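> Here's my sequence, what's the structure:
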Amino acid sequence: MKVLKGVRVLSLSLNLPGPAALMRCKAMGATCVKLEPPNGDPMGLYNPNAYEQLHLGVRVAKADLKTELGQRALYRELVKTDVLLTSFRPSALKKLGLNWKDLHKQYPKLSMVAIVGAPGARAEEPGHDLTYMAENDLIPGLDLPASLYADMGGSLMATEAVLQAVLTQHSKNQGIYLEVALSEAASYIGLPRTWGLTKPGAAVGGGHAGYRVYPCKDGRVAVAALEPHFAASLCALAGVKVESMKTLFSPQTHEAIGAWIARRTRKQLDVLALRHDIPLHTLQK
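Residues are numbered from 1 along each chain as shown. The predicted model follows:
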């Protein structure tokens with residue numbers, strides 16, 4: 001369902017969170033326009049494929065907002081815009097003449113969704129996905145995360161903010177200002193760890209023998225046999241007698257399941273998983 005059909009979103013956001021939010025808005029039916037600086041979006045330089053997918057169906061134009069010509073181009077778009085999406089620090093927005101108080105006075109029905117690194121007084125601090133993940137205890141060890149979770153989580157929160165803005169416009173006939181902080185997106189994503197669910201030794205932190213990544217004969221296998229019936233099927237195949245929930249947390253069960261998996265190939269494990277209704281996914285080394 002195209003819930004944003006008839007809504008016009010103008011984005012000034014670069015890199016990932018803003019464009020990803022715009023992509024979601026486009027998927028929900030919004031008419032999406034983006035103004036980029038003369039040198040374009042850095043994403044277009046370091047990953048053209050990602051840039052292309054993020055901007056499918058988006059009308060992209062160039063405008064140097066630091067010039068009078070660029071400002072005129074911006075205000076021509078704002079007249080037709082329902083929601084403005086930005087990702088600048090507050091000080092940069094002020095320099096560009098985009099502080100909310102002035103915008104709201106000039107365009108009372110316009111809403112603004114401002115993506116920032118951190119909320120409130122911290123909005124001027126430098127930061128990125130990695131630092132926000134780190135401050136929420138989501139970077140164990142020296143390896144980088146497999147994805148940009150704070151950025152992508154922030155993009156979803158920004159999309160929610162666009163929806164909230166549109167609902168408010170329809171009910172109150174005026175625009176609102178909403179701030180989305182990537183640090184808060186990382187905090188939300190990190191709640192399972194804050195609650196202790198993914199801490200080492202917890203049920204989904206490696207403590208449960210049915211919820212782990214094991215090496216197999218020609219690769220790895222991610223096993224997610226957490227529910228009792230899944231765990232029972234896995235243990236039956238591995239020759240483990242389940243007497244209580246404690247059995248799944250014992251070192252002996254980990255060793256038995258690990259040894260059983262290590263003797264089998266990915267293809268064999270895929271067949272067994274399908275046959276015995278066990279949630280797992282095999283991976284290359």
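> contacting residues for the residue most central in space within the chain?
Centroid check for the chain by C-alpha atoms, centre = their mean gives M152 as the closest residue, at 2.2 Å. Listed by C-beta atoms under 8 Å, 6 or more residues apart in numbering, the contact partners of M152 are 16-17, 20. Using the backbone N, CA and C atoms, a C-beta is placed for each residue, glycine as well.
> same check, this time on P19
Neighbours of P19 in contact, by C-beta under 8 Å, 6+ apart: 11, 13, 34, 41, 43, 51, 54-55.
> just P17 next, same as before
P17 makes contacts with 87, 115, 151-152, 154-155, 158, 182, as judged by C-beta under 8 Å, 6+ apart.
> So which of those residues belong to helices?
Secondary-structure check on those using DSSP state H: residues within helices are 151-152, 154-155, 158, 182.
> on that earlier part again, give me the subset of the contacts of M152 that lies in helices.
17, 20.
> Can you lay out the contacts of M152 as CSV showing pLDDT and distance to H104?
Formatted as CSV, the entries for the contacts of M152 read as follows, by pLDDT from 0 to 100; distance: C-beta to C-beta, whole Å:
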residue, pLDDT, distance to H104
L16, 97, 28
P17, 97, 23
A20, 98, 26
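> Next, count neighbours for the closest residue to L138 other than its chain neighbours.
If you skip the residues right next to it in sequence, L138 has G190 as its closest partner in space, 5.2 Å away by C-beta to C-beta, 6 or more residues apart in numbering. Summarising burial for G190: neighbours were counted as other C-beta atoms under 10 Å, giving 20.
> Surely G190 is in contact with E135?
No. With contacts defined as C-beta atoms under 8 Å, G190 does not count as touching E135, sitting 9.1 Å away.
> mind listing the helices for the stretch 151-285 of the chain?
Counting by DSSP state H, counting those that start in this stretch, residue ranges of the helices within the stretch 151-285 of the chain are 182-189, 191-194, 228-238, 251-262, 266-276.
> likewise the stretch 1-150 of the chain?
Shown for the stretch 1-150 of the chain, the helices assigned by DSSP H, counting those that start in this stretch span residues 17-27, 42-46, 48-54, 68-78, 90-95, 100-106, 129-135, 149-172.
> Pick the most deeply packed of those helices.
The highest average neighbour count among the helices of the stretch 1-150 of the chain, using mean count of other C-beta atoms under 10 Å, belongs to helix 17-27 at a mean of 23.
> What values do phi and psi take at the residue nearest to L138?
Torsion angles at G190 (phi, psi; degrees, to the nearest 10) stand at phi -80, psi 0.
> For N49, see how far away it is.
In this structure, G190 and N49 are separated by 29 Å, where distance is defined by C-beta to C-beta, to the nearest Å.
> Repeat that for K5.
Noted for K5: a distance of 28 Å to N49, by C-beta to C-beta.
> now S250
Distance from S250 to N49, counting by C-beta to C-beta: 47 Å.
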